[in-house]
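next input, structure requested:
(one chain, ligands or ions: 1)
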Amino acid sequence: MWRKLRKIASLRKIVLALIIVSLFGLFYSISQLTPTTFPVERQLPRLVLPPASECHNEMSNIRGFDQPLNKGNTSQTRQKILVFLRDGHTQLGRDIVTALESIRFKFNIQSGEIRNLPILIDDSKGRYALIIFEDIFMYFSLHQWNREMIDKYCLDFDVGIIYFLRGSKSRSKENDVVHNGPVGTFPLSYFNGVNLKDYQLNPQSPILRIARPGEIWQGFLPFSKNWALFKSDHSTYQPVSFVIQAGPDDVPQGNKGRKSRHRRAAVVANKDFPDAMAPDFSDKLVTVVHDTGQLDGIQRVIFGSGLTFWLHKVLFLDAISYLSHGKLVSPLERYIQIDIDDVFVGTKGNRMNADDVTALVNFQDKVRQTIPGFTFQLGFSGKFIFYGNEKETEGDRLFLKVHDRFAWFPHMWSHMQAHWFNNVTELCSYMDINARFAVRHHLNTSSHYAVAPHHAGVFPVHEQLYDCWDQIWNITTTSTEEYPHLRPDHKRRGFMYRDVKNLPRQTCGLFTHTMILDKYPGGPEALHDHINGGSLFLSFLYNQFNIFMTHLSNYGNDRLAIYTFDHAINFVRCWTNLKLLQVPPETMAKKYFDLYPDELDPVWLNPCLDKRHLEIWSTEKNCNQLPDFVVVGPQKTGTTALYWYLNMHPDVKSNLPSATTFEEVQFFSGKNYFKGLDWYMSYFPIPENNTILFEKSATYFDQAVVAKRLNALLPKKPVIAILLDPAKRAYSWYQHMRSHDDNTALQHSFYEVITAKREGSPQALISLQHRCLDPGFYAVHLDNWLEHLSAKQIIIVDGDTLKDNPVRAMQDLQEHLGFKSTIDYSKLLKYEKKKGFYCQILKSGKTKCLGKSKGRQYPEMDDQSMNYLRHYYSDANRKLLQMLQSINKPIPLWVLEQVNSQH
Ligand SMILES: Nc1ncnc2c1ncn2[C@@H]1O[C@H](COP(=O)(O)OS(=O)(=O)O)[C@@H](OP(=O)(O)O)[C@H]1O
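Sure, this is the predicted structure:
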C-alpha cells in the first residue's frame, strides 16, 4: 500500500516536474519572442533553396571601413580623369568607359595614336586627377618628349597612372601564345599563357578600399591564359592580388569546345622569374601590381588583364580612389530599398501563402542583422485581396495581421496604368478607393512613396498621375527605370518634377514570370553569375542608391527573391567593405539629390523615339505636335522678321502665340521648361500631311542649357541661328531697352553702358551691359551648341542678308531645310522705303510691315562706341571665322570684313 502510495506520489512529482519544465519552456519561448523572431503560424515552410553561407573573412577586415587613402596633394587638380584609349572600340575600352560612367566620374577620352598630348594644365591647375592608359604600350610608344611631359605632370601634381597590360589578346591576334618580356623601361617583366585559378586579394595592399581581402575566388579563371603575370626584383612593386597556376584538371571540360584549343600550359617555375614582390606568397602569381613610386615618385597600378573579371572592376575603382588621393572616390555607404510589387495582386496559385509571409518576415529580420532597420516596401493594389486560393487567402490575412512589420506604398487600386486615364477625376477616384483600403486595413503609407504600375505616367510624364498622387497621397518620392531610358541601365538617372523626386530604379534579375530557380532564364547558373560578381553585384558596387523592384510571386513558390537577396547581400558583405544601409524613401531621395544636384532638372525626351516610352504614353498624345526646326536667335538679329517670313510659306506653321511672350514660347531656356512636355506641345497644332512646324525663341541661342535640352527632345532637328555684327546687335538691344523705358538705358549713354566697370558699377548697369554684350560672343555659344548638336544640324543665316536681301536669304534657307516645295519670296516681299525694311505685299497690292518695335528709328551708333566694340569683339569674331570655316559653314560678309580690318 505504502509502496503504491509512494509510487503515486513519485508519479505526481514527475508530472509536476514535467509541468514545471513545460511552463519554464513556455516562459522561455515567450521571452524569446523578441521582434527579431516571428511566431510561425504554419509549419513546413516551402523554402527549398539553401541560405547563404557565412563569409570566411569575418576576422580579416584589417583596416575596416574608411581606411585612410593614399595621402597626397589634391588641391591642385580637377576632379577629372584623362583616359587614353586604343583606336577602335575594344571591349576593354568600353569596359573602362562603362565603369567610369556607372560610378559617375568625369573623364576625357583621347583615342588612337597620340601625336599631341591634350592640354594638361590650365590656370596653373592640373586638369586631371588621374591618368588611365588602356594599353601600357601606348605609353611606352609615346614620343619621349610626350612621355616626359606626362611623367612631369604626374610628379608636379601628385597624379597616379593606371595601365592595362593584357597578354596575347591585347597585342597579337594569336591565341594562346606565350609572351614574356620587359614592361617597357620599367624594372618589371611579364609573362602569360598560363591557366589560372583561385583569385585572392593581398591583404597588405594599401589600394584595397571597397575590395575586402580574405576570401578566395575559387576555381579556374576563364581566359586567364591571356592574363599578364608580373615579376620584378624591385621592391617598388607590390602585389595587389594573387592567382595560382591551374593544373590541367582545373580547366573546365566541354565548355563550348574551348578545351580543345587549350594547350597544356607549361609549368612556370617560380625560380625562372626572380621575384621580390611576394616573398611570402612563393606559389602565387601576381596579376595586378602596385608601383609604389619608390623609383620615380609616380604611383601606378598595372592590371595584367582587362576588366572582364568582376573583381578587377572593384580593384579598378579602388585604384582610382587611391591614385587620385581620394579626389575621385565613391563613398562606402550603399543605400538599399527592396520594393515588393503587386501585393494582393497575382493569379491564383502564384501568390504568397501564410508560410511565405512568415518566411518574408523572418528574412527581413535576418537582413536587419546586416542592414539595421531594413524594411520591405510593399506595393499594394487592394482590389484583388482574397482573390487567391484558400492558402493564399490565408497569406493575405496574415499580411494584414502583420501589416506593421512592413512599409506600404500605393500601386493602383486594380493595377491599372495611369496613362489609360485622360480624365483626372476618374484616375483620382480609383486611387482614392485604394487609399480608403489602406486606411481600413491600417497600412502604413506614411513614406509618401509610390510606384506606378508599368512605370506608366512617371516618365514620360502623364500629368494626371502627378495630379492624383498629389491630391490623394501627397506623394513626394517615386522610382522608375525608364528615365532617361531603360537601357543602358548604368545611365539611369533621377529627376524631379512637380516636387516629386524620381529615383532611378535598378534591375535585380527577378521577373514576374520567373517563379523558380530551376526555370530561371539561362538556368540557375545565370542567377548565380548575376549575384556573384555579375550585374546584381555591380549594381551594389556602382550605385550608392539601389532601389530594386521585386514581385509578390518571387516570395512564394521557391522564394527565389529571398534566396537572391540573401546571397547577394552576403556576397557584398564577404567581398567588399561596402556598408549597406536603409533610410526611408524620402530621406533617400534627399540624399540622392544632395549628391547629384545636377539631376534635379528633368530632361524631356520625345516619347515616340523609345518604344517602351511610347507604350506608356497616352494614345491621345501625338509626337508630331513638336517642331521640325527651331529658330534660336540671338535676340535683335531679325528673328521676328524671319519668323514672319517663314509663316508666309503655305506648308510652314509656327507655334501658337503665348499670352506673355507673344510669338515666342521660350520653353527650353527658362521656367517654362518645368511646365513639362504637354505644356510645350499644347503650343503646336496637330500637323496635317506636309505641314512643317517650327518654333522661334530668340532667347535660346546664348543660354547654355538650351542645346542639351533641345537636342534631347528634338534630336537631329535643325536649328537656325542668325548672326549679325555683334556691335550692331548690342546697340539694337540698348535701343530696345530705351524704348521700353528702362531707367538704366535712359540714364546712361550706350558708351557708358558698354564700358562700365564690372566692379563697383550698379547692378542694373552691369546687367544691361551683359545683355548688350554677352550674346555677341558667337563662337563661345556655337561651341556649346556643337557639344550637343552636329554641325549639320546648325544653319547659319547672315543677319545682314536677311535684312537687306530677304528674298535670297529665304531661298537659301528653304534649300537648307530641304522643303519639298519652295516659294519665291520676291513675290511676297518688297522693300518699303518709309520703313527702311522689307515688308509683305498684300493681295490688295499694299504692303504690311512689322510693327513699330521692329525696325526702330534711332540715331546711328557713335564712333567711340563703334571703335570700342570693334576692338572688344575682335578676338571673338576671329574665332567665329575659324569655327565657321572648320564646320564648313558659309561665312557672313561682315565676319570677313571685321577680321580683315584687324590686319
Ligand atoms: N523686315 C524687317 N522689319 C523689321 N525689322 C527687321 C526686318 N528685318 C530685319 N529686321 C531687324 O530685326 C531687328 C529686331 O530683331 P528681332 O526680331 O530678333 O528682335 S527681338 O529679339 O525679337 O526683340 C530690328 O532691329 P532694330 O532695327 O533695332 O529695331 C531690325 O534691324
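
pLDDT on stretch 413-425, on average?
When pLDDT is averaged over stretch 413-425, the result is 95.

for that stretch, buried residues please.
Residues 413, 415-419, 421, 424 are the ones in stretch 413-425 that count as buried (16 or more other C-beta atoms under 10 Å). (C-beta placed from N, C-alpha, C; glycine too.)

residues in contact with it: which ones?
342, 345, 381-384, 412, 427, 430-431, 433-434, 437, 452-454, 456-457, 462-465, 467-468, 616-618, 620 (C-beta atoms under 8 Å, 6 or more residues apart in numbering).

just the terminal-to-terminal distance for it.
14 Å (C-alpha to C-alpha, to the nearest Å).

what does stretch 81-89 give?
Stretch 81-89: ends 19 Å apart by C-alpha to C-alpha.

any weak-confidence spans in this structure?
For the chain, applying pLDDT under 70 flags the ranges 1-48, 57-69, 167-177, 251-283.

in it, which strand has the most residues?
Across the chain, the longest stretch assigned as strand under DSSP state E is strand 333-343.

packing partners of that one?
Under the contact criterion of 3 or more C-beta pairs under 8 Å, 6 or more residues apart in numbering; DSSP states H and E, strand 333-343 touches strand 377-380, strand 545-551, helix 560-575, strand 579-581, helix 585-595.

can you show me the strands along the stretch 751-900 of the chain?
Per DSSP state E, counting those that start in this stretch, the stretch 751-900 of the chain carries strands over the ranges 794-798, 829-832, 837-841, 847-848.

please identify the deepest-packed of these.
strand 794-798 (a mean of 21; mean count of other C-beta atoms under 10 Å).

just the CA atoms of that one, as CSV, please.
Once non-C-alpha atoms are left out, strand 794-798 reads as follows in CSV (Å, rounded to 0.1, in the frame of the first residue of the first chain):
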residue,chain,number,x,y,z
ILE,A,794,23.1,74.1,-87.4
ILE,A,795,22.1,76.5,-90.1
ILE,A,796,23.6,80.0,-90.1
VAL,A,797,21.7,82.9,-91.6
ASP,A,798,23.6,86.1,-92.2
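
contacts for it, please.
Contacts to strand 794-798, defined as C-beta under 8 Å, 6+ apart, come from residues 642, 718-724, 782, 785-786, 809, 812-813, 816-817, 884, 887, 889-890, 892-894.

and it, how far out from the chain's middle?
33 Å (C-alpha atoms, centre = their mean, to the nearest Å).

what about it and the ligand, touching?
No - residues of strand 794-798 contacting the ligand under C-beta under 6 Å from any ligand atom: none, with a closest distance of 10.8 Å.

what strands flank that strand, and is each parallel or antiparallel?
Sheet pairing for strand 794-798, assigned by DSSP bridges, gives strand 719-723 (parallel).

neighbouring contacts of the strand it pairs with?
Strand 719-723 has contacts (C-beta under 8 Å, 6+ apart) with 629-634, 637-639, 642, 700-701, 710, 778, 782, 785, 789, 793-799, 802, 813, 880, 892, 895.

residue in the stretch 801-903 of the chain nearest to the ligand?
residue 855 (3.1 Å; C-beta to the nearest ligand atom).

would you mind listing what in this structure touches the ligand?
Near the ligand, when you scan the chain using C-beta under 6 Å from any ligand atom, you find 635-641, 698, 732, 735, 802-803, 837-838, 850, 854-856.

among these, name the buried ones.
635-641, 698, 732, 735, 802-803, 837-838, 850, 854-855.

so which of the residues of the chain next to the ligand belong to helices?
Secondary structure from DSSP state H places 639-641, 732, 735, 802-803 of the residues of the chain next to the ligand in helices.

which one of the residues you listed sits closest to residue 557?
Using C-beta to C-beta, residue 639 comes nearest to residue 557 of those, at 63.5 Å.

picking up where we left off before, doesn't residue 838 make contact with the residue of the stretch 801-903 of the chain closest to the ligand?
No - look at residue 855 against residue 838 with C-beta atoms under 8 Å: they stay out of range, at 9.4 Å.

put the buried members of the contacts of stretch 413-425 into a ChimeraX selection.
Buried members of the contacts of stretch 413-425, defined by 16+ other C-beta under 10 Å, are picked up in ChimeraX with:
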select :342,345,381,382,383,384,412,427,430,431,434,437,452,453,454,456,457,462,463,464,465,468,616,617,618
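
of the contacts of stretch 413-425, which belong to strands?
Going by DSSP E, the strands hold residue 342 from the contacts of stretch 413-425.

contact partners for residue 288?
By C-beta under 8 Å, 6+ apart, the neighbours of residue 288 are 239-241, 301-304, 312, 315.

out of those, who's nearest residue 876?
Ranked by distance to residue 876 (C-beta to C-beta), the contacts of residue 288 are led by residue 301 at 43.9 Å.

and the host helix or strand of that closest one, what does it pack against?
Using DSSP states H and E, residue 301 sits in strand 300-303. Contacts defined by 3+ C-beta pairs under 8 Å, 6+ apart place strand 300-303 against strand 160-164, strand 285-291, helix 310-323.

what's the most buried one of the ones you listed?
Compared across those, strand 285-291 shows the largest average neighbour count, a mean of 27 (mean count of other C-beta under 10 Å).

please save the CA atoms from that one in CSV.
The C-alpha trace of strand 285-291 is given here as CSV (Å, rounded to 0.1, in the frame of the first residue of the first chain):
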residue,chain,number,x,y,z
LEU,A,285,51.4,34.8,-59.3
VAL,A,286,50.7,38.5,-59.4
THR,A,287,48.3,39.9,-62.0
VAL,A,288,47.6,43.3,-60.6
VAL,A,289,50.6,45.2,-59.3
HIS,A,290,51.1,48.5,-57.5
ASP,A,291,54.2,50.6,-58.3
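
contact partners of the strand holding residue 301?
The contact list for strand 300-303, computed with C-beta under 8 Å, 6+ apart, reads 136, 160-165, 183, 188, 207, 230, 240, 287-291, 293, 312, 315-316, 319, 322-323.
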